[in-house]
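[1] Structure here, sequence nowhere to be found:
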């Protein structure tokens, strides 16, 4: 009875258009009523879920990204990428992929990445001979790398959701997951996502002859020379150093991830106000307002998701899902395929933070049984969740890109399949080749990372 109330009320609220955070909270409260438990218990679960010291990293990372977004860092990164590959067939598309990947490392947010790069690149690409759907799809899909970068607040959320994970892989005991390991684990997958996106953007540009004028003639740029590449690179380096600052602090044991995030905010402030002098008081207020709003939304999701996790454990939902999947197959590669397909399906309906918080306790114990550790599973999960950001009906990133490009979601989705395929290739590389996500943190930390 309680399980039916939890599931049906959650689906009903989603169908009625209630925001995910409120849908989760209301369905949990309804279940508490049916169980005869005091509502004070639900509130206690929600508050305890948010009252975690490591969550201080979330507002810091978000604020750092907003400072970079409103401080003009995106323009300098874009100029470097354009000078390097802008002269090739589909050059602006390739430059967009590179710039979006690099800025994703600075902002740590696919939405911020799309807002920054899309606001600049999509109108330029439309004007210079690229179709609107091509410009939108290149921007939105390349921005997904921000979810796996060291500045990503989604890694902090996953680390919290995975903190109770225990098990054995070979002779090694698994207990929770290190945020530092996650930060290094995302770097190689990000590189291969960029390679896959570059291939997809180049192939589609060749197929359609982009860039081209209305009469069909080519508009390919000329290479500006290595001097211009060097100058734009030097201008972009200070912004990109925020990644090195965070990784250096964590790797050297100088600070925790939370303290490194605070240092990133200080660095971003100094860079945009003292070095570049590009952050106006008005944009600073915008950055503060946006960071506050985003932090509030995420912490609310964390709180209500903690209620949901308690209810799922109380109703033994993870055990039921584990039993159902194990009864379907015990072959590791097939089990991981099922998990990925389920994650992709859930990503259609759930926002990224809610997706991470709800599904980690469901599937991580099963993944550990299949020999996949929390670091590798984290990369799988973040990629699957990121794919949901560009897929309707939730598709937050795709909505932002389409609004900038002034096209409908349907129009963009019709030509998005090469980019979906590129992300699917990256998901399978991380799933079936553990070294893609575990080799670098193992090398740096000097101990096996799973």
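    Here it is on my side, so go on. Predicted model only: the values in this text are computed from it and were never measured.

[2] Run through the residues that contact residue 43.
    Not one residue lies near residue 43 by Cβ atoms under 8 Å, 6 or more residues apart in numbering. Where you see a C-beta, it was placed from the backbone N, CA and C, and this is true even at glycine.

[3] Would you check how far apart it and residue 211 are?
    57 Å (Cβ to Cβ, to the nearest Å).

[4] Next: residue 79.
    18 Å.

[5] So which of those two has more stuff around it?
    residue 211 (23 against 20; other Cβ atoms under 10 Å).

[6] Apart from its neighbours in sequence, what residue is nearest the more buried one?
    residue 129 (3.2 Å; Cβ to Cβ, 6 or more residues apart in numbering).

[7] again, but for residue 297
    For residue 297, the spatially nearest residue (Cβ to Cβ, 6+ apart) is residue 21, at 6.9 Å.

[8] about what we covered before: looks to me like the residue nearest to residue 211 is in a strand.
    No: read with DSSP: H, G, I helix; E, B strand; the rest coil, residue 129 is coil and lies in no strand.

[9] Give me the pLDDT for it.
    On pLDDT, residue 129 comes in at 79.

[10] Need phi/psi at it.
    When read as degrees, to the nearest 10, the backbone of residue 129 gives phi 100, psi 20.

[11] Around it, count how many other residues there are.
    For residue 129, using other Cβ under 10 Å, the count is 18.

[12] in the stretch 351-450 of the chain, which spans are strands?
    Taking DSSP state E, counting those that start in this stretch, the stretch 351-450 of the chain contains no strands at all.

[13] Ok, the stretch 101-250 of the chain next?
    Under DSSP E, counting those that start in this stretch, the stretch 101-250 of the chain gives strands at 166-169, 172-175.

[14] can you put these in JSON lines and add distance to residue 59 and mean pLDDT?
    What follows is those, written out as JSON lines (distance: least, Cβ to Cβ, whole Å; pLDDT from 0 to 100):
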{"stretch": "strand 166-169", "distance to residue 59": "29", "mean pLDDT": "78"}
{"stretch": "strand 172-175", "distance to residue 59": "27", "mean pLDDT": "78"}
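
[15] now, of those strands, which is deepest in the fold?
    Neighbour counts (mean count of other Cβ atoms under 10 Å) averaged over each of these peak at strand 166-169, with a mean of 14.

[16] And it, how far out from the chain middle?
    With Cα atoms, centre = their mean, to the nearest Å as the basis, strand 166-169 stands 26 Å off its chain's centre.

[17] one step back: just give me the neighbour total for the residue nearest to residue 297.
    The burial count for residue 21: 21, using other Cβ under 10 Å.

[18] got a pLDDT number for residue 213?
    For residue 213, the predicted pLDDT is 55.

[19] same check, this time on residue 339
    On the pLDDT scale, residue 339 gets 92.

[20] Then residue 353?
    For residue 353, the predicted pLDDT is 83.

[21] how close does it get to residue 166?
    Where residue 166 is concerned, residue 353 sits at a distance of 24 Å (Cβ to Cβ).

[22] what does residue 436 give?
    For residue 436, the distance to residue 166 - Cβ to Cβ - is 24 Å.

[23] Next SSE downstream of the longest helix along the chain?
    Looking across the chain with DSSP state H, the single longest helix is helix 281-314. Downstream of helix 281-314, the next assigned helix or strand under DSSP states H and E is helix 317-328.

[24] What score does the nearest residue to residue 370 once chain neighbours are set aside have for pLDDT?
    Excluding the flanking residues, the one nearest residue 370 by Cβ to Cβ, 6+ apart is residue 332, at 4.3 Å. You'll see residue 332 listed with a pLDDT of 89.

[25] Tell me the buried residues in the helix or strand containing residue 33?
    Assigned by DSSP H and E, residue 33 belongs to helix 20-35. Within helix 20-35, the residues scored as buried using 16 or more other Cβ atoms under 10 Å are 20, 21, 23, 24, 25, 26, 27, 28, 29, 30, 31, 32.

[26] which of those lies closest to residue 110?
    Ranked by distance to residue 110 (Cβ to Cβ), those are led by residue 20 at 17.0 Å.

[27] Return the distance of that closest one relative to residue 388.
    On the measure of Cβ to Cβ, residue 20 and residue 388 end up 12 Å apart.

[28] Quickly list what's touching both of these two.
    residue 350.

[29] re the thing from before, Throw the strands of the stretch 101-250 of the chain into a markdown table and include distance to residue 203, thanks.
    Output for the strands of the stretch 101-250 of the chain, formatted as a markdown table (distance: least, Cβ to Cβ, whole Å):
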| stretch | distance to residue 203 |
| --- | --- |
| strand 166-169 | 38 |
| strand 172-175 | 40 |
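
[30] got a list of what the most centrally placed residue in the chain touches?
    The residue lying closest to the centre of the chain (Cα atoms, centre = their mean) is residue 147, at 2.1 Å. Residue 147 sits next to 104, 110, 154, 352, 382, 383, 385, 386, 389 when contact means Cβ under 8 Å, 6+ apart.
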